[in-house]
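[1] quick one: sequence and predicted model below, then my questions.
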There are 4 protein chains.
Amino acid sequence: MTHSIAFAALVALLATITPVVSAETLRYVPKKSELKYVFATADPVLRVRPGDIVETEAADQFENVKDPKSGWEPLRPNPQTGPFYVEGAEPGDALAVTILDLEVSSDVGVGGIFPGFGILTSSKYTPMLGAAAPARFWLYPIDKEKGTAEFRAKDSDFTVKIPLAPFLGCLGVAPADGEARTTLTPGEWGGNMDAPPVRKGTTVYLPVNVKGALLYLGDGHAAQGEGEIAGTAIEVGMKVKIQVDVIKGQKLAWPRMEDADYLMAVGSYRPLEDALRIAYTELIAWLHREYGLSELDAYELLSKVSVTDVAEVVDPNYTVIAKIPKKFLPPKTKGPR
Amino acid sequence: MTHSIAFAALVALLATITPVVSAETLRYVPKKSELKYVFATADPVLRVRPGDIVETEAADQFENVKDPKSGWEPLRPNPQTGPFYVEGAEPGDALAVTILDLEVSSDVGVGGIFPGFGILTSSKYTPMLGAAAPARFWLYPIDKEKGTAEFRAKDSDFTVKIPLAPFLGCLGVAPADGEARTTLTPGEWGGNMDAPPVRKGTTVYLPVNVKGALLYLGDGHAAQGEGEIAGTAIEVGMKVKIQVDVIKGQKLAWPRMEDADYLMAVGSYRPLEDALRIAYTELIAWLHREYGLSELDAYELLSKVSVTDVAEVVDPNYTVIAKIPKKFLPPKTKGPR
Amino acid sequence: MTHSIAFAALVALLATITPVVSAETLRYVPKKSELKYVFATADPVLRVRPGDIVETEAADQFENVKDPKSGWEPLRPNPQTGPFYVEGAEPGDALAVTILDLEVSSDVGVGGIFPGFGILTSSKYTPMLGAAAPARFWLYPIDKEKGTAEFRAKDSDFTVKIPLAPFLGCLGVAPADGEARTTLTPGEWGGNMDAPPVRKGTTVYLPVNVKGALLYLGDGHAAQGEGEIAGTAIEVGMKVKIQVDVIKGQKLAWPRMEDADYLMAVGSYRPLEDALRIAYTELIAWLHREYGLSELDAYELLSKVSVTDVAEVVDPNYTVIAKIPKKFLPPKTKGPR
Amino acid sequence: MTHSIAFAALVALLATITPVVSAETLRYVPKKSELKYVFATADPVLRVRPGDIVETEAADQFENVKDPKSGWEPLRPNPQTGPFYVEGAEPGDALAVTILDLEVSSDVGVGGIFPGFGILTSSKYTPMLGAAAPARFWLYPIDKEKGTAEFRAKDSDFTVKIPLAPFLGCLGVAPADGEARTTLTPGEWGGNMDAPPVRKGTTVYLPVNVKGALLYLGDGHAAQGEGEIAGTAIEVGMKVKIQVDVIKGQKLAWPRMEDADYLMAVGSYRPLEDALRIAYTELIAWLHREYGLSELDAYELLSKVSVTDVAEVVDPNYTVIAKIPKKFLPPKTKGPR
């Protein structure tokens, strides 16, 4: 099965899950004053129905680095667009968010190193004695036609072009139990997963914890290494097109993802092996409940064929994605599709 | 650059590093009684010169599972072939082992779950109350012509073919400081890294800790998931063809690898984030010393383009591989090539 | 210096820090409907001035276990009393809460094991395959006169008396950055630290993140092992008497504590070594800024004389307390006292 | 029960376990050339019988720091005295080593910070970018009469006396499976546990892995903080008097200890929570098998009364000790005593 056929098949499958009475395409462009800095229960900026398509934008948070006169406050991390209230979504359901399109809108991306951030320097939650790394920024001119961003070394004259591979660093909902969590943190609610698979063609499943789910998105990444080790991707503004659905009665403990090629379960915690344990126990539960494999058969099969993505090791929780290529799956026996 | 051209280029490069006066191809087939169960200083089974090619075998350790009458003792893990004494290798040098060919020799591979092993059950070093998983084996019939091994579920009638992707689970040398380490453990000496890149076309660099380096290899894996989460790959016997070289004066703290596409640094420790920290500080040091990038430029660039492999999370130390695609490298400024 | 003299000295010191114009003793008994389940910015139940004494109660959360007809919902963890608004407390100040008295009010304490909780069984953030521990409760009859609670084995006829050593499992304020956190979680805001030193005679310093600080308390523990390994202490209701002060301009990153004998710095995170790193870098900063030791001298001295308390290893963050006996301190050079 | 009575009782108990036919007191003073730097199978320096008392010495490894002309090579860590071959000890038995006396023999102790060592600086197994701490030493003059060592700050004129509390940083046997491990590392074989309870009055139980057990000891510590956070205690030479016994058929997975007041189980691994899990599962197994508590009753009881010692967080494995005060124990039902 080629990718394009598989993607078509996925779209066809998606079409079956929700009785789309009169899906609409809605547009919402956030004003600076409407941006959010916590995943929480808050007044929605837009109400959508299952099946609706939303065209919106992820803000470019580093405008102040590129232009100190831009009026942006420096370094308030990961402003979010939203929340979007999804009609009919109730606690115990799952939200299915399909990324239909992402387009880098900035001309220059920003990367950098910050005090207290990064896996290889003294950080807030792994503090060491001695001076932490100083703040330092790299600008990445973007060539939209060629689809590249340019890395320019600061201490030598080396430059290299990096292919654009845009995804959303943040996609999340209001957390459970009345919690509000910063937009730096990933967790059961999704959030700042910094996960490259949150790209065009992927459907992200999130637990619904409050009525309306309250969906947020932001933190456009033009490209990122696995682990995002120094603390940033190539950070950009982005045009975003998503389709939102609700899977009634599909209770999720953690986010899941699916594209043409993979089932993916996400774990976000520390230490890194616990993020991995969460991701794999979730993937095994998925294979057990919806594909009819016993837990031990699934455990054994994954030990032979799974893919493990280290999404990031720099946020307050680390994020690991456990993946199984769909070509190794049994026929689906149960579940929403 | 296509892979085949790149591989040719790599071979050409390799040809430059060692003045091969009269490289030979040596053959060594271990008797059962010669197999080793620790990486240690021991009498060599063969002496090789830099540039020599060795044709040998990695034992099939699970013969007793397939045939209890085979005479193998059950479950003594990871028997090693070797050690090979490499002429001219001295502490402070690096050993360069290029995998020229690997061929699965077993007709049936074995996978399994063992008490005390595996990231998702009570294990020796992450013990939990309650019964651990019982020992359970899966047999994987191998079709050498089609290049597949077949997974057969034990609790349902599902089967699926897995493409062969052979590599050596173990490749290591005598450890430093007079240590001897079991063949279950990876570390500074290489050892049981369970790293899929230890495949045909890859050169593995290992620190030389004792005169002659004392190279061991074993633990043939026909295919393995990233993380080897349940504790085994598809375990098989293997025919092995390697070329051994010495890089004088190249002091290494940890193993490194290189193939046509990647520079790779290996870290093996617990917790998983420390294995990752080791791998990335090593990769940054490599980029700094041999490719002229400042440490912070390297850190920033890797945050945008690196690949992180979780090789295994089941051995006494966990193994992570930090990789940079060669297409993002500056020209080499220093070092053996 | 005996304890009683030291305690008197501490009280004398406390008297110096706040100009107590007209300190009062205030009483507040929460109704069930007023109990809180998140540390968050919420409407205060009481306003207090620096120097005021508050007499209040920590609810007995396990009444439903002892009497299913009690009307309590089962297992909603750690109900909090508060928040108390402290006049004059502003972000960047520290709150000083001195525990003047704690009195166990329950006749029977409760301990237990819950699915998803405990360091030695499959838990929410360290999940393992296979059945988690089932819910199981132990009742501890309390003899207030003798000051003991009785452990009664369930699977044999062994009983043993445990001396009461009451403390508050939870003491915290509204978190920073607009976050709201469950009463299961400890962190920069204090919260569910499950730290035995939060007992009579101790002053707890907490960062002020919002105007009025918004102080919460709850989770009475009649006695607890170090680590609280199975997930509970001897859980009881408690009468509580505290004195509240504000230290203007004393910016804290993490909670601190002080009693007659020790300076104590608290770190709450995962993995456990990061909680420990937080606690010790905070303690070193304290010794450096207020006692005139260089960072390296403080590091060296603590390596010789410090005490390390593992408060708990079962909550969403683990809690470690780094302590230095006051007898090893230099004279104070700076700071609130 | 007072300590002195309890200690007498312990000695009485000890007298019962081994049929001491003709116990002797043996003396052995190691020459510098006889000191060992790995725990391994090696030729014994002395043969002892169960019940024998050994008077020996732990070398002062930092003589070169105090006197560069001392002829000691700098910084070869933790030289060991031994191994002692114990007659009758065979794999599957336990060795019981009772510390009868420890006497600090150095006039000056040494503490220090080393590159690559310490929990709060870049270290070998938790590497960070940027310069590691430089080597720095503190000398501690020892007053044997008053029983103190003096800390002298290097960056201010503060001094303070620290009470001597001598123990052995290293006590171990030849490891299992043919391994040899450096004297920096603690593990199943004991080794560099840096555990303050290895003091006068304590009996340490170690697994016997090879015929004769092969006991090593060294690394005298005049005093140490819990965690030994910067990497050293007050390091001294020591006169050592121990009694050695064998408990036939007592198979141990990890070291255990016992004194007048506590049963103690030791876990040495990373991350710190896994060291703690090892220690507590071992302690629960001990309570279950020899004191008749069910595993869940033991788990619950320890959650209420256990003591958790963080022995060290600086060696290649971290060491945690799980303790139960003997006053909370049921009567012994089984086992060697």
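    Perfect, thanks for sending it. Residues are numbered from 1 along each chain as shown, chains lettered A, B, ... in the order given.
[2] is chain B contacted by the lengthiest helix in chain A?
    Across chain A, the longest stretch assigned as helix under DSSP state H is helix A:272-291. Yes - using CB under 8 Å from any CB of the partner chain, helix A:272-291 reaches chain B at A:272-273, A:276-277, A:280-281, A:284. C-beta here means a position set from N, CA and C on the backbone, and glycine is covered the same way.
[3] a markdown table please, covering those residues and showing distance to chain D, pLDDT and neighbour count.
    Shown next, in a markdown table, are the residues of helix A:272-291 next to chain B (distance: CB to the nearest CB, whole Å; pLDDT from 0 to 100; neighbours: other CB atoms under 10 Å in any protein chain shown):
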| residue | distance to chain D | pLDDT | neighbour count |
| --- | --- | --- | --- |
| A:Leu272 | 10 | 98 | 29 |
| A:Glu273 | 8 | 98 | 27 |
| A:Leu276 | 13 | 98 | 26 |
| A:Arg277 | 13 | 98 | 27 |
| A:Tyr280 | 18 | 98 | 29 |
| A:Thr281 | 18 | 98 | 24 |
| A:Ile284 | 22 | 98 | 26 |
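[4] C:Arg47: which of the residues you listed is nearest?
    Distance to C:Arg47 across the residues of helix A:272-291 next to chain B (CB to CB) is lowest for A:Leu272, with 44.6 Å.
[5] contact partners for the nearest residue to the closest one once chain neighbours are set aside?
    Residue nearest to A:Leu272 in three dimensions, not counting chain neighbours: B:Leu272, with 3.9 Å by CB to CB, 6 or more residues apart in numbering or on different chains. Shown in contact with B:Leu272 (CB atoms under 8 Å, 6 or more residues apart in numbering or on different chains): A:271-273, A:276, B:310, B:313, B:318, B:320.
[6] now, which of those sits nearest chain C?
    A:Pro271 (4.1 Å; CB to the nearest CB).
[7] quick one: that closest one and chain D, what's the gap?
    Note on A:Pro271: its distance to chain D, by CB to the nearest CB, to the nearest Å, is 6 Å.
[8] from C:Tyr125, how far out is that residue?
    A:Pro271 sits 10 Å away from C:Tyr125, going by CB to CB, to the nearest Å.
[9] overlap in contacts of the two?
    Common neighbours of A:Pro271 and C:Tyr125, using CB under 8 Å, 6+ apart, are C:Arg270.
[10] which one's more surrounded, those two?
    Counted by other CB atoms under 10 Å in any protein chain shown, A:Pro271 and C:Tyr125 do not tie: A:Pro271 has more neighbours, with 26 against 20.
[11] what sits against the more buried one?
    A:Pro271 neighbours (CB under 8 Å, 6+ apart): A:318, B:271-273, C:270-271, D:271.
[12] same question for A:Gly147.
    By CB under 8 Å, 6+ apart, the contact set of A:Gly147 is A:163-164.
[13] need the pLDDT of it.
    Looking at A:Gly147, its pLDDT stands at 98.
[14] tell me the phi and psi of it?
    Here is the backbone geometry of A:Gly147 (degrees, to the nearest 10): phi 70, psi 40.
[15] what do you get for A:Phe62?
    When read as degrees, to the nearest 10, the backbone of A:Phe62 gives phi -110, psi 20.
[16] element containing the spatially closest residue to it that is not a sequence neighbour, please.
    Nearest residue to A:Phe62, sequence neighbours excluded (CB to CB, 6+ apart): A:Val110, at 3.8 Å. Assessed by DSSP states H and E, A:Val110 sits inside strand A:108-113.
[17] neighbouring contacts of that strand?
    With contacts defined as CB under 8 Å, 6+ apart, strand A:108-113 is touched by A:62, A:65-66, A:121, A:133-142, A:149, A:222, A:230-236, B:296, B:299-300, B:303-304.
[18] for PyMOL, write a command that selects the buried ones of those.
    Those of those that count as buried under 16 or more other CB atoms under 10 Å in any protein chain shown are selected in PyMOL with:
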select buried, (chain A and resi 62+65+66+121+133+138+139+140+142+149+222+230+231+232+233+234+235+236) or (chain B and resi 296+299+300+303+304)
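[19] in helices, which of the contacts of strand A:108-113 appear?
    A:65-66, B:296, B:299-300, B:303-304.
[20] return only those of the residues you listed found close to chain D.
    Intersecting the ones in helices among the contacts of strand A:108-113 with the contacts of chain D gives B:296, B:299 (criterion: CB under 8 Å from any CB).
[21] got the ones in helices among the contacts of strand A:108-113 as JSON lines, with distance to chain C and pLDDT columns?
    JSON lines is the format used below for these (distance: CB to the nearest CB, whole Å; pLDDT from 0 to 100):
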{"residue": "A:Val65", "distance to chain C": "21", "pLDDT": "85"}
{"residue": "A:Lys66", "distance to chain C": "25", "pLDDT": "86"}
{"residue": "B:Leu296", "distance to chain C": "23", "pLDDT": "96"}
{"residue": "B:Tyr299", "distance to chain C": "21", "pLDDT": "98"}
{"residue": "B:Glu300", "distance to chain C": "24", "pLDDT": "98"}
{"residue": "B:Ser303", "distance to chain C": "21", "pLDDT": "98"}
{"residue": "B:Lys304", "distance to chain C": "26", "pLDDT": "98"}
